[in-house]
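In: Below is the sequence, then the predicted model.
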Amino acid sequence: MGGSGRMHDPSEAEHDQVRRRWMNIAFVGIAGLTGGQLWFVGVHGWDWLVAISLIVAGIPLGLTVKVVELRFKMAPAERRQVLAAVTRRRQGAWVAFALLLSGALFLNAPLVIWALWGMWGYDFVTYYHDRPERLRHLYAVTKTLDELRDFPAPWAWVLPALVVGLARRL
């Protein structure tokens, strides 16, 4: 028994193709920026700890890619309604994440490119993990909303980068 099939939706397939193309472009861009950063600034000694902590700090940023992607899957009024369903407490956690990340990036300015790897990696892993279902626009919307609600303490992911950045300043 194969179950019920689903009709092919050209808009979903086209969006998936465009999405994968942009993921590849982002990978090449981040790799190029990282190569330039390694060539001109370099990463030596304890800088690798900063780079790793910035990768970890950038992981929650991967969810912003999915929120931006909602612009292409939903009408503006629907998108506002769906995002309004995120509780004030969770919205506050995401605001705290943004503020703490800004501080961490300021403290570790020469190595900020490494945060992009965390963002890209989270987006890549979750995209391909859920790809068969994510092809359906409705599933992608509900999955993104679930991730916004359930992402574990986004602000906590930045703390190692802040600690390392402050320790280097002292």
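Out: Here it is on my side, so go on. Numbers count the residues shown, from 1 in each chain.
In: Next up, the contacts around V50.
Out: Contacts for V50 (Cβ atoms under 8 Å, 6 or more residues apart in numbering) come out as 108, 111, 114, 161, 164-165, 168. The C-beta positions use only the backbone N, C-alpha and C, and glycine is treated the same way.
In: The nearest residue to M119 once chain neighbours are set aside: neighbouring residues, count only.
Out: What sits nearest to M119 in space, not counting adjacent residues and going by Cβ to Cβ, 6 or more residues apart in numbering, is L61, at 3.7 Å. Taking other Cβ atoms under 10 Å as the criterion, the count of residues near L61 is 20.
In: Test my guess that L61 contacts Y122.
Out: Yes - the criterion here is Cβ atoms under 8 Å, and L61 meets it with Y122 at 7.4 Å.
In: circling back: which among the contacts of V50 count as buried?
Out: The neighbour-count test (16 or more other Cβ atoms under 10 Å) marks 108, 111, 114, 161, 164-165 as buried among the contacts of V50.
In: Now stretch 70-79: average pLDDT?
Out: The average pLDDT for stretch 70-79 rounds to 86.
In: In it, which residues are buried?
Out: 70, 73-74.
In: Name the residues that touch it?
Out: By Cβ under 8 Å, 6+ apart, stretch 70-79 touches 15, 82-83, 137, 140-141, 144.
In: Take these and write them to TSV, including pLDDT.
Out: As requested, these are arranged in TSV below (pLDDT from 0 to 100):
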residue	pLDDT
H15	78
V82	86
L83	88
H137	68
A140	77
V141	81
T144	86
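In: Can you check those residues and name whichever has the most neighbours?
Out: Most neighbours among the contacts of stretch 70-79, by other Cβ under 10 Å: A140, with 25 neighbours.
In: tell me which element that one falls in.
Out: A140 is part of helix 137-150 when elements are defined by DSSP states H and E.
In: by how many degrees do the helix or strand where S11 lies and helix 137-150 diverge?
Out: Using DSSP H and E, S11 sits in helix 10-40. Interaxial angle, helix 10-40 versus helix 137-150 (axes from the mean of the first three to the mean of the last three Cα atoms, to 10 degrees): 50 degrees.
In: Fine by me, thanks again.
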